[in-house]
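Peer 1: Next come a sequence and a model predicted from it.
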Amino acid sequence: MLNPGQRIGENGHLFIGECDVTTLASEYGTPLYVMNENVIRNNCRAFVSAFDKYYGGNGRAYFASKAFSCLEIYRIVKEEGMGVDVVSGGELYTAMKAGFPAEKINFHGNNKTYLELKMAIEYGVGKIIVDNYEEFGTISEIAKALNKKVEVAIRIKPGVEAHTHDYIKTGQIDSKFGFAIENEEAYRAVEKALEYKDNIILNGVHCHIGSQIFDVVPFADAAEIMMDFVAEIRNRYGVEIIELNLGGGFGIKYIDSDEPKNFENYIEIVSDAVKSKAKEHSMKVPFVSIEPGRSIVGEAGVTLYTVGGIKNIPGVRTYVSVDGGMGDNIRYALYQAEYTVINALKADKECINKVTIAGKCCESGDLIQENVMIADTLPGDILAVLSTGAYNYSMSSNYNRIPRPAVVMVKDDSHRVIVKRESYEDLIKNDI
Ligand code: LLP
């Protein structure tokens, strides 16, 4: 399998855009994250144009920047006309430093700190998505001191079952995120917001049912439940909710058998659900927002590694060790996430060897992938792990004091560093 913007060259090497990945590996070193700008931009455009088509401009796609956060990505997303969602002071700071318009930033998080909220309110972010009762009081206190009114949405658990890994499910009642409708806590949250109406404008509701979801049905179900909730808020409190944010979660292709829908398909089905519910409840169709993260950057990314030691344990398995590991990709250790691995020098060769790709950390669970088929592989070969654009760099760590890899952005036949490789000096810069 290859992703959009990738091909096998006549020399049998993997190409990203018009760049031979082995050239990138020798120029920048490995491990290396490589992102393809055209793919990112095309994904943004697919969401923006589907929104125009189905909501006629009465909606917005926000990039969930937890999937990949650095200055350059905010610049690209801004140019493509999307908003962004941030979940920490750090993401917010990065977005602002990149010149992202504050009013197109939504601020999330189940436990935002006082200082983070103050920062968001001072910057004037578009909306704060409130995720616990205590936050209303804090926001109100800060807003009052700054003589501002703050627009908020409430994060709701719609109680929808999404078919994905347990750790990335969020729509069900047993979740640290949001307020449930079924036990009325969502209504308590509305009441709490109304207590602070001098400084808080409650005009949005939000839900996010999980991540890496292929099925359209749970998204449409969630949209219907949320629209019923919006109607009930109007009926009980006379409050008009003008924005419905339905979160992200659209699945992407990691391995051959993954079959993601095209994004337009989700948007069409969900917009039908929203519009028919608006009719049923005699309401205006709200401004609809979504927050794709993985589906914007995931397939645009590849991680390149150099093969080091190969350990063939007869009757057991063959470990192919690479110069990165769980520090740059924690997703196999955390979620048993599946990936496609290609020998980038022999991308045209048959994959005849079943191997386990191991990282270099002092941890048995430091595996990139188990039992994958690859071409005959030798020490010094370059391995490419596909679909690593989302939640790889953003979840990276310095475990074992291994510096984080650089991130290189490819555009057609050009390439540039957008995040420098960490140095040993970087590793000790906060040590005293
Ligand atoms: N909106 C909210 C409120 C979210 O919590 C998330 C993801 C998104 C949007 C974006 O979801 P996406 O479109 O990327 O699926 N680290 C995990 C994924 C965690 C997702 C957390 N929230 C992974 O590597 O699979």
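Peer 2: Looks like it came in fine. Numbering: from 1, shown residues only.
Peer 1: How is the protein partitioned into domains?
Peer 2: As assigned by automatic domain parsing, the chain contains the domains 6-30+300-428, 37-295.
Peer 1: Figure out the length between the terminal residues of the first one.
Peer 2: Chord length of domain 6-30+300-428, first to last residue, is 37 Å (CA to CA, to the nearest Å).
Peer 1: cool, and stretch 89-109?
Peer 2: Stretch 89-109 has its terminal residues 10 Å apart, counting by CA to CA.
Peer 1: go on, stretch 86-102?
Peer 2: 11 Å.
Peer 1: For that stretch, list every residue counted as buried.
Peer 2: Buried residues in stretch 86-102, defined by neighbour count with 16 or more other CB atoms under 10 Å: 86-89, 91-92, 94-96, 98, 100. In this view, the C-beta of every residue, glycine as well, is placed from N, C-alpha and C.
Peer 1: That one and the ligand, any residue contact?
Peer 2: No. Using CB under 6 Å from any ligand atom, stretch 86-102 stays clear of the ligand, with a minimum separation of 7.2 Å.
Peer 1: got a list of contacts for that stretch?
Peer 2: Contact partners of stretch 86-102, identified using CB atoms under 8 Å, 6 or more residues apart in numbering, comprise 65-66, 69-72, 74-75, 77-78, 84, 105-109, 113, 115-116, 119-120, 123-126.
Peer 1: Could you give the average pLDDT over it?
Peer 2: Averaging pLDDT along stretch 86-102 yields 98.
Peer 1: For the residue lying farthest from the centre of the chain, grab phi and psi.
Peer 2: Residue farthest from the centre of the chain, counting by CA atoms, centre = their mean, is Pro314 at 40.0 Å. Main-chain torsions, Pro314, degrees, to the nearest 10: phi -50, psi 130.
Peer 1: Kindly provide the distance from it to Ala375.
Peer 2: Applying CB to CB, to the nearest Å, the value for Pro314 to Ala375 is 21 Å.
Peer 1: elements contacting the helix ranked longest in the chain?
Peer 2: The longest helix of the chain (DSSP state H) is helix 217-237. Judged by 3 or more CB pairs under 8 Å, 6 or more residues apart in numbering; DSSP states H and E, the packing partners of helix 217-237 are helix 185-195, strand 200-206, strand 243-245, helix 263-280.
Peer 1: Tell me the buried residues in that helix?
Peer 2: 218-227, 229-231, 233.
Peer 1: same thing with stretch 410-419?
Peer 2: Neighbour-count burial for stretch 410-419 flags 410-411, 415, 418-419 (criterion: 16+ other CB under 10 Å).
Peer 1: Max pairwise distance over those: which two?
Peer 2: Largest separation among these by CB to CB: Lys411 and Val419, giving 15.7 Å.
Peer 1: show me where the stretch 251-400 of the chain has helices.
Peer 2: Assigned by DSSP state H, counting those that start in this stretch, the helices in the stretch 251-400 of the chain fall at 263-280, 294-297, 331-335.
Peer 1: Which residues does the longest one contact?
Peer 2: Okay, so that is helix 263-280. 43, 46-47, 50-51, 53-55, 216, 219-220, 223-224, 227-228, 231, 244, 246, 250, 283-286, 288, 290, 292, 295.
Peer 1: Name the residues of that helix that are buried.
Peer 2: For helix 263-280, burial by neighbour count (16+ other CB under 10 Å) applies to 263, 266-267, 269-271, 273-275, 277-278.
Peer 1: Please tabulate the residues you listed in a markdown table and include distance to the ligand as additional columns.
Peer 2: Shown next, in a markdown table, are those (distance: CB to the nearest ligand atom, whole Å):
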| residue | distance to the ligand |
| --- | --- |
| Phe263 | 10 |
| Tyr266 | 11 |
| Ile267 | 13 |
| Ile269 | 17 |
| Val270 | 14 |
| Ser271 | 18 |
| Ala273 | 19 |
| Val274 | 18 |
| Lys275 | 22 |
| Lys277 | 21 |
| Ala278 | 23 |
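Peer 1: with those in mind, which one is nearest to Asp426?
Peer 2: Closest to Asp426 out of those is Phe263 (36.9 Å), distances taken as CB to CB.
Peer 1: Read off the pLDDT value for that closest one.
Peer 2: 87.
Peer 1: Do you know the pLDDT at the residue lying closest to it once chain neighbours are set aside?
Peer 2: Excluding the flanking residues, the one nearest Phe263 by CB to CB, 6 or more residues apart in numbering is Ala46, at 5.1 Å. pLDDT for Ala46: 96.
Peer 1: Redo the buried residues of stretch 86-102 as CSV? Include secondary structure and distance to Asn392.
Peer 2: As requested, these are exported to CSV (DSSP: H, G, I helix; E, B strand; the rest coil; distance: CB to CB, whole Å):
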residue, secondary structure, distance to Asn392
Val86, strand, 19
Val87, coil, 17
Ser88, coil, 18
Gly89, helix, 22
Glu91, helix, 16
Leu92, helix, 21
Thr94, helix, 17
Ala95, helix, 20
Met96, helix, 24
Ala98, coil, 20
Phe100, coil, 22
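Peer 1: Out of the residues you listed, which comes closest to the ligand?
Peer 2: For the buried residues of stretch 86-102, the minimum distance to the ligand (CB to the nearest ligand atom) is 7.2 Å, reached by Val87.
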